[in-house]
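Enquirer: Sequence first, then the predicted structure, then my questions.
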Amino acid sequence: MDAQLRELIPFLRDRNPQVRQIALSHLLPHTPQGSPHRNIFFTGLQGGGLQTKPKEADIIKDLKLLCRDQLSVAHDAFRALVNLSDSPLLISSLSEPSFLTFIVSYIIHPKSILADLASMLLSNLTSSSAACSVVLSLKISIIPGAGFYATQSRCGTSAPPDPYPTGETQDVLALPLLVDAFSTIHADPDPEKRIRKGDLHFLASVFANLSVAPAGRSFFLSAQPVDFSKPAELEYPLAKLVSFTEHKDTIRRGGVASTLKNCAFHAPGHKAILSPEAEKVAVGPSTAEAPGVDALPYILLPLAGPEEFDLEDQEKLPEALQFLPPTKTREVDPTLRLMHVETLLLLCHTRWGRDYLREHGVYEIVRAAHMVENVDKISEHIERLVTLLKGEEASEVRELEEGEDTIEDASLGAPEGTGPRQIMPAAVEDDDEDNKIEEV
């Protein structure tokens, strides 16, 4: 069977698109992890030892090129690379700046039809530190116009704007543009009226992966221009993400919750994370100031239920948590509830953070959450949080010494991202096969 499948590989370069599609459609089912003939995609790859750049297999080169092909071919090529990107042998090849430039440009361009598959691929790739390093410093070419056009996105499933912009090409950092694309999604039930062709939920996992590294946390907590065309107006990129902690899509709200928790490991950023938008704050050592992220309401809302508080307690709460409707429900995923409680615990590792949480109704919310919580680990973390807020000051946490930036607390682990995901074959009767996603 291996030999028969290998005979299909040269047809991926055939001049006839129908031949390319047929060959790829026969190879695609063998890409998920555990497939008995998956080794055909790794033949010729060299890894390990002291090599800095493993040799790239011809089939991987082909798949990367086919991502730019017409719709049916590009769709299967993206799916194949999503499934194969869990392999360390492919990280070097798929993390090449030229390929990541195409992927990122493609995701950013609103007309890219397969932007969600590209986002999923980028999410898998950024599970590795090598790809994260490239993405954090990556620059892409754009042409300003009505918005802007990422020129390297052009391919069979990503048409350029009409009329084509006439301005001069500029090279700009890609990551702020990914954050903008993620945060400006306005889904319309009518596909013809949608500004963007994709939902980009998997970019939340990209941000979670990037924020594992100190350089990633530094980006989200560094004052950045609101828009590349307005360099004087600053904001924290994290501020564009926090509103999605109650989004209906689990991948989006989970990735944002993970990014928020990872950023909370950076103690100098606590004041910026918690301060309201009306206050301008700097995160040292930088002196550049930007409006606060005002993250506390978005951390507490997933932990809040329909409980009524007396007037005195109600007034302590952030405005978004006052007088919640009787239909309000808590986050249903226990992993995400735990993550939000852990974020609050991390924010307690600075004196300023503890004081702010005390003054803004955190105790009242977590007390009510504790009464209905049925997961022991979450209950235990809430109890520790209550001790920090109501017990003897600094009795439970070690204050960071001068020069220390990253919080170390064994009970809260370390910054972490998301693992690679696979697209599994759907049942015959189910047409929506792109939703058959499994974590590796």
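Expert: Looks like it came in fine. Numbering: from 1, shown residues only.

Enquirer: List the strands paired with the lowest-mean-pLDDT helix or strand in the chain, with their directions.
Expert: The helix or strand of the chain with the poorest confidence is strand 437-439; it has a mean of 72 (mean pLDDT, DSSP states H and E). Applying DSSP bridges, strand 437-439 is found paired with strand 421-423 (antiparallel).

Enquirer: How about residue 416, nearest residue that isn't a chain neighbour?
Expert: Distances taken as Cβ to Cβ, 6 or more residues apart in numbering place residue 212 nearest to residue 416, at 6.1 Å, with adjacent residues excluded. C-betas here are computed from N, CA, C, even on glycine.

Enquirer: How about residue 317?
Expert: residue 361 (3.7 Å).

Enquirer: Surely the one you found and residue 320 touch.
Expert: No: the pair formed by residue 361 and residue 320 falls short of the contact definition of Cβ atoms under 8 Å, at 10.9 Å.

Enquirer: Which residue of the two possesses the greater neighbour count?
Expert: Taking other Cβ atoms under 10 Å, residue 361 and residue 320 do not tie; residue 361 has more neighbours (22 against 13).

Enquirer: who are the neighbours in contact with that one?
Expert: 300, 313, 316-318, 321 (Cβ atoms under 8 Å, 6 or more residues apart in numbering).

Enquirer: Residue 143 too?
Expert: Residue 143 touches 149, 151, 165-170, counting by Cβ under 8 Å, 6+ apart.

Enquirer: Spatially, which two of those are the most separated?
Expert: 166 and 170 (13.4 Å; Cβ to Cβ).

Enquirer: Turn the contacts of residue 361 into CSV, columns for secondary structure and pLDDT.
Expert: Below are those laid out as CSV (DSSP: H, G, I helix; E, B strand; the rest coil; pLDDT from 0 to 100):
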residue, secondary structure, pLDDT
300, helix, 97
313, helix, 87
316, helix, 90
317, coil, 93
318, coil, 93
321, helix, 93
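
Enquirer: Specify which member of the contacts of residue 143 is nearest to residue 327.
Expert: residue 149 (43.1 Å).

Enquirer: Return the residues in contact with that closest one.
Expert: 109, 142-143, 160-161, 164-165.

Enquirer: Which among the residues you listed count as buried?
Expert: Neighbour-count burial (16 or more other Cβ atoms under 10 Å) applied to those gives 109, 142-143, 165.

Enquirer: Pick out the lowest-pLDDT one from those residues.
Expert: Minimum pLDDT for the buried ones among the contacts of residue 149 is recorded at residue 165 (89).

Enquirer: so what's the nearest residue to it once chain neighbours are set aside scoring on pLDDT?
Expert: Nearest residue to residue 165 in three dimensions, chain neighbours excluded: residue 145, at 3.3 Å (Cβ to Cβ, 6+ apart). pLDDT recorded at residue 145 is 75.

Enquirer: now do residue 50
Expert: Note for residue 50: predicted pLDDT of 41.

Enquirer: Would you map the strands across this protein?
Expert: Applying DSSP state E to the chain gives strands spanning 139-145, 147-150, 170-173, 224-227, 230-235, 280-282, 289-291, 421-423, 437-439.

Enquirer: show me what contacts residue 380?
Expert: Listed by Cβ under 8 Å, 6+ apart, residue 380 has no contact partners.

Enquirer: low pLDDT regions in the stretch 301-440 of the chain?
Expert: The model of the stretch 301-440 of the chain has pLDDT under 70 over residues 393-403, 426-436, 440.
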